[in-house]
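A.B. asks: Here is my input; please provide its structure:
(one chain, ligands or ions: 1)
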Amino acid sequence: MRTRDCPTILCGWDVTTTIGTSYSPPDQSYLGRPNDNENEGLSLSCLIMVHLFKYDRSGWYNGVMDPTVRKCILCDGTSHRVVFEEFGTPILRCRTCGHVFSSHKAEPHYDGYFGEEQLDPAKNFWWNEAHGKMYDGFSKIFLEGKTGNILDVGCGLGYFLKRVSSVPGWTPYGSEISKPAVDFAKIHLRLSNVYSGRLEDAPLHDIAFDVVTLWDVIEHLPEPYPLLDRIFHLLKPRGILFLHTPNVRVQLAKARLKRAIKGMDPSTHYLEAKDHVHLYSPRTLPLLLNRCGFFDVRFIHLPPIQSVSGSQNRLFKAAKNAWYQSAKTLDALSFGRLNIDNLFAVANKR
Ligand SMILES: [Zn+2]
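C.D. replies: Just a heads-up that it's a prediction; the model follows:
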């Protein structure tokens with residue numbers, strides 16, 4: 001076992017990640033699949049218990065017995081329970097802080113998200129038109145009538161930045177790990193200030209941005225602290241970080257409902273366990289952001305993506321908008337205690 005320390009200063013997060021022999025590769029790291037080494041030293045009765053409980057949703061086995069269990073990134077807790085299982089990958093909930101995460105060990109910097117089809121401008125209904133209402137809603141609240149620099153981290157093909165570039169007074173910048181996506185943004189959308197690679201390596205000055213956005217990024221990052229720390233430094237004092245990410249409260253309920261109706265169907269999206277490795281809630285996302293120095297984390301509502309999984313079906317679209325209206329109403333009636341919308345979080349830097 002070897003350890004490494006988080007390079008961040010502001011987060012104060014002491015990472016002790018086990019690498020090598022004591023951290024199994026993804027396929028063997030299924031926490032409910034004991035191997036010989038894990039069982040070493042256990043009594044026969046204990047071994048029987050391990051096998052009896054290996055799929056137990058109470059997570060007794062996963063939380064207590066397995067030495068390869070991942071640490072919770074929010075509280076360092078190692079006791080978890082299984083709340084869902086997606087094709088052999090358990091989704092865990094930390095017993096200490098309630099954070100939900102996938103047991104899949106994802107690559108820290110995955111750059112293969114944009115395939116050939118996504119790079120075809122004629123097939124970009126999802127990224128362009130479907131997201132338009134949401135992006136316009138954002139601009140109305142945060143950009144119109146103001147001026148400054150905005151940085152979109154994980155800007156993908158650049159459609160958000162393209163819209164921002166039409167708002168007077170704002171200079172858009174972007175960073176994206178996928179080089180083909182950056183090339184697309186530069187060639188097809190004629191965006192100039194877009195950098196490929198990790199944000200940590202981008203040639204950007206500290207204290208330069210008024211707004212930083214993370215659209216559908218944070219859930220993909222197995223270790224979000226280095227990125228959030230970099231963003232904190234890039235923001236000006238009183239700058240804001242905006243994040244959009246799925247709400248685990250809703251996603252988990254939907255996944256369970258789908259499983260109850262149609263079982264586990266390989267063509268159905270459940271929690272995307274190998275892609276969305278951290279699933280945040282209105283309670284746990286502020287914990288993450290507070291640990292990185294952000295304060296006053298609040299949630300807003302924006303019009304949803306006008307499509308379900310890329311479909312242009314009007315009924316699906318209407319259902320999605322009806323859900324959005326209901327979520328807004330419920331949030332208002334419960335004085336912010338019940339948020340069933342996607343998470344649109346706003347965090348401030350002092
Ligand atoms: Zn925790």
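
A.B. asks: residue contacts, the spatially most central residue of the chain?
C.D. replies: With distances taken as Cα atoms, centre = their mean, Glu219 lies nearest the centre of the chain, 1.2 Å away. Shown in contact with Glu219 (Cβ atoms under 8 Å, 6 or more residues apart in numbering): Thr245, Pro246, His276, Val277, His278, Leu279, Tyr280. Backbone N, C-alpha and C define where each C-beta goes, glycine included.

A.B. asks: near the ion, from those?
C.D. replies: Here nothing survives when the contacts of Glu219 are matched to the ion using Cβ under 5 Å from the ion.

A.B. asks: Just the ones in strands from the residues you listed, please.
C.D. replies: Within these, residues falling in strands by DSSP state E are Thr245, His278, Leu279.

A.B. asks: what secondary structure does the nearest residue to the second one once chain neighbours are set aside sit in?
C.D. replies: This points to His278. Spatial nearest neighbour of His278, excluding adjacent residues (Cβ to Cβ, 6 or more residues apart in numbering): Phe101 at 4.9 Å. Secondary structure state of Phe101, per DSSP: H, G, I helix; E, B strand; the rest coil, is strand.

A.B. asks: Give the bridge partners for Phe101, please.
C.D. replies: Beta-bridge pairing for Phe101 (DSSP bridges): Leu92, His278.

A.B. asks: wait, doesn't it sit right on Phe84?
C.D. replies: No: counting by Cβ atoms under 8 Å, Phe101 stays clear of Phe84, with 11.3 Å between them.

A.B. asks: intersection of neighbour lists for the two?
C.D. replies: Common neighbours of Phe101 and Phe84 (criterion: Cβ under 8 Å, 6+ apart): Ile91.

A.B. asks: of those two, who's got more company?
C.D. replies: Higher neighbour count among Phe101 and Phe84: Phe101, with 24 against 21, using other Cβ atoms under 10 Å.

A.B. asks: and that one, how far is that from Phe142?
C.D. replies: Phe101 is 29 Å from Phe142, where distance means Cβ to Cβ, to the nearest Å.

A.B. asks: repeat for Gly77
C.D. replies: 35 Å.

A.B. asks: neighbour-wise, which of these two wins?
C.D. replies: A count of neighbours by other Cβ under 10 Å puts Phe142 above the other of Gly77 and Phe142, at 21 against 17.

A.B. asks: Ramachandran angles for the residue nearest to that one when sequence neighbours are not counted?
C.D. replies: In space, and not counting its chain neighbours, Phe142 is closest to Val211: 6.0 Å by Cβ to Cβ, 6+ apart. For Val211, the backbone dihedrals are phi -140, psi 130 (criterion: degrees, to the nearest 10).

A.B. asks: can you tell me how far Val211 sits from Pro172?
C.D. replies: Val211 sits 10 Å away from Pro172, going by Cβ to Cβ.

A.B. asks: Identify the contacts common to these two.
C.D. replies: Counting by Cβ under 8 Å, 6+ apart, the common neighbours of Val211 and Pro172 are Ile150, Leu151.

A.B. asks: Residues of this protein that sit close to the ion?
C.D. replies: Within reach of the ion by Cβ under 5 Å from the ion, the chain has these residues: Cys72, Leu74, Cys75, Gly77, Cys94, Thr96, Cys97, His99.

A.B. asks: give me the number of residues near the closest residue to the third one other than its chain neighbours?
C.D. replies: With Cβ to Cβ, 6+ apart as the measure, Cys97 is the residue that lies nearest to Cys75, at 4.2 Å, once sequence neighbours are left out. Cys97: 15 surrounding residues under other Cβ under 10 Å.

A.B. asks: does Cys97 count as helix, strand or coil?
C.D. replies: Following three-state DSSP, Cys97 is assigned to coil.

A.B. asks: Just to check, it is in contact with Gly77?
C.D. replies: Yes: counting by Cβ under 8 Å, Cys97 touches Gly77, with 6.5 Å between them.

A.B. asks: Tell me where this structure has helices.
C.D. replies: Under the criterion DSSP state H, the chain contains helices at 36-39, 44-52, 60, 129-142, 159-164, 179-187, 225-234, 248-262, 284-291, 314-333.

A.B. asks: can you redo those helices as CSV with mean pLDDT and distance to Glu272?
C.D. replies: Putting the helices of the chain into CSV (pLDDT from 0 to 100; distance: least, Cβ to Cβ, whole Å) gives the following:
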stretch, mean pLDDT, distance to Glu272
helix 36-39, 37, 27
helix 44-52, 44, 29
helix 60, 38, 26
helix 129-142, 95, 18
helix 159-164, 96, 21
helix 179-187, 95, 19
helix 225-234, 97, 20
helix 248-262, 96, 9
helix 284-291, 97, 18
helix 314-333, 94, 18
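
A.B. asks: Could you point out which of those helices sits nearest Pro108?
C.D. replies: Of all the helices of the chain, it is helix 225-234 that lies closest to Pro108, at 8.8 Å by Cβ to Cβ.
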